[in-house]
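Chemist: Below is the sequence, then the predicted model.
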Amino acid sequence: MVASAAAPLSVASLSTKGKIDRLTKLFRGRRRRALVMTHDNPDPDSMAAAWALATVLSERVGVPADLAYGGIIGRAENAAFVKTLKLPIRHVEEVDFGEYDLFALVDTQQTVGNHALPGDLLADIVIDHHPVRDDAVATPFADLGGSYGATSTMLTEYLRAARLDPGPELSTALYYGIKADTRDLGRQTKDPDVECYLWLFPRIDRELLSHIEHPELPVRYFRLYHAAIEKARLYTEAVITDLGDVYTPDMVAEVAERLSFIEGPKWSLAYGSYRSQLYLSLRVSDKRMNAGRLIRETCAPLGGSAGGHGSMAGARLPLAGKKSQREEFKRDVVRRFKEAFGVDGERGVSLLSDEA
């Protein structure tokens, strides 16, 4: 199937009931089957929101929907999320795109590049809490940006407007998606996040939630953290660490998140290599700064994909050439970030040093 010819329509200004009505008007009886896709290496927010959208499409719009993702689900909490909740999601390698005539992207956008929807297919539906990117003008149904800290919040509103009461598994998924993306309602949190969080709480299965939040961790998890702390360099305004080769890209974001708790620095940057790609994750504690804008401006000249919002962002860049060329490329990337942080001429110290 080639790109859809439907007229572009931004629905962000509509009420949530209006969005459900618009979905029904656009697609009921006109499409055979839907594929809802997360961003690559999906996190709980992306997977929960995709599951909720598939539920709305199947039960209110009348279009059966499946879930798919690209990359891997490697972080222990994310793997536990899928296993514990019996999330019905497949890898794109198992998907025949020819079986679908309706495509949706959740928690990402068409031109961001961090998803596995083939380039010759246009997403008919894009729902994402991140700031609007260029594809907003080309998507038949675009619900982008707005006052949300998580895409799971947006889809919880969709379920409520569609008068669908989610079962304990889907409720737990959405609750944890909001919880994880807003750091327990402490980061980028808006009123709708709090309202949906509280609406979902009586519907969750707390035992399932506990299994997700406290999974067993592989030995290599602790080895990676050991290496990350050993390699971390501390500056007045930033902490930066090279994770080397990682067993899952998810760990880059987890380490950046953990380092953001260090007293003093306003920035934390972690980066690591996985299958000839360099993954970077950035955290910012100063509300005057925008991590998403910084990472796009820094990485845009280097290819790959980048995105995020005020306090957190990530990027993926291609790594090519011999080992020496790759190492030089990584040094150049870090130099660009250090300049942006204002620590380029500053002498960093080891996080384990007595000087730290």
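Modeler: Looks like it arrived, so ask away. Numbers count the residues shown, from 1 in each chain.
Chemist: And the lowest mean pLDDT element among the helices and strands of the protein?
Modeler: None of the helices or strands of the chain scores lower by mean pLDDT, DSSP states H and E than strand 305-308, at a mean of 82.
Chemist: Give me the distance from that strand to the chain's centre.
Modeler: 10 Å (Cα atoms, centre = their mean, to the nearest Å).
Chemist: Let's see the helix or strand following it as PDB, backbone CA atoms only.
Modeler: Under the assignment DSSP states H and E, the closest C-terminal helix or strand after strand 305-308 is strand 312-318. Extracted in PDB, the C-alpha atoms of strand 312-318 (Å, rounded to 0.1, in the frame of the first residue of the first chain):
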ATOM      1  CA  MET A 312      14.600  14.400  28.500                       C
ATOM      2  CA  ALA A 313      15.600  13.500  25.000                       C
ATOM      3  CA  GLY A 314      17.300  10.800  22.900                       C
ATOM      4  CA  ALA A 315      19.100  10.300  19.600                       C
ATOM      5  CA  ARG A 316      20.300   7.500  17.400                       C
ATOM      6  CA  LEU A 317      23.200   8.100  15.000                       C
ATOM      7  CA  PRO A 318      24.800   5.700  12.500                       C
END
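Chemist: List the buried residues in strand 312-318.
Modeler: Neighbour-count burial for strand 312-318, counted by 16 or more other Cβ atoms under 10 Å, picks out 312, 313, 314, 315, 316, 317. Where you see a C-beta, it was placed from the backbone N, CA and C, and this is true even at glycine.
Chemist: give me the number of residues near residue 303?
Modeler: Applying other Cβ atoms under 10 Å, we find 12 residues neighbouring residue 303.
Chemist: can you check residue 309 too?
Modeler: 17.
Chemist: which ones are touching the closest residue in space to it that isn't next to it in sequence?
Modeler: With Cβ to Cβ, 6 or more residues apart in numbering as the measure, residue 292 is the residue that lies nearest to residue 309, at 4.7 Å, once sequence neighbours are left out. When contacts are counted by Cβ atoms under 8 Å, 6 or more residues apart in numbering, residue 292 is found next to 130, 131, 307, 308, 309, 310, 312, 313.
Chemist: again, but for residue 180
Modeler: Residue 180 sits in contact with 43, 44, 45, 77, where contact means Cβ under 8 Å, 6+ apart.
Chemist: I'd like the buried residues of strand 312-318 laid out as a markdown table, including pLDDT and distance to residue 288.
Modeler: Listed next are the buried residues of strand 312-318 as a markdown table, based on pLDDT from 0 to 100; distance: Cβ to Cβ, whole Å:
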| residue | pLDDT | distance to residue 288 |
| --- | --- | --- |
| 312 | 87 | 15 |
| 313 | 91 | 15 |
| 314 | 91 | 21 |
| 315 | 93 | 21 |
| 316 | 93 | 27 |
| 317 | 95 | 27 |
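Chemist: which residues sit against the helix or strand residue 103 falls within?
Modeler: Secondary structure from DSSP H and E places residue 103 in strand 102-106. Here strand 102-106 makes contact (Cβ under 8 Å, 6+ apart) with 27, 31-39, 46, 49-50, 53, 57, 63, 65, 115, 117, 121-128, 151, 155.
Chemist: Please consider this matter closed, and thank you.
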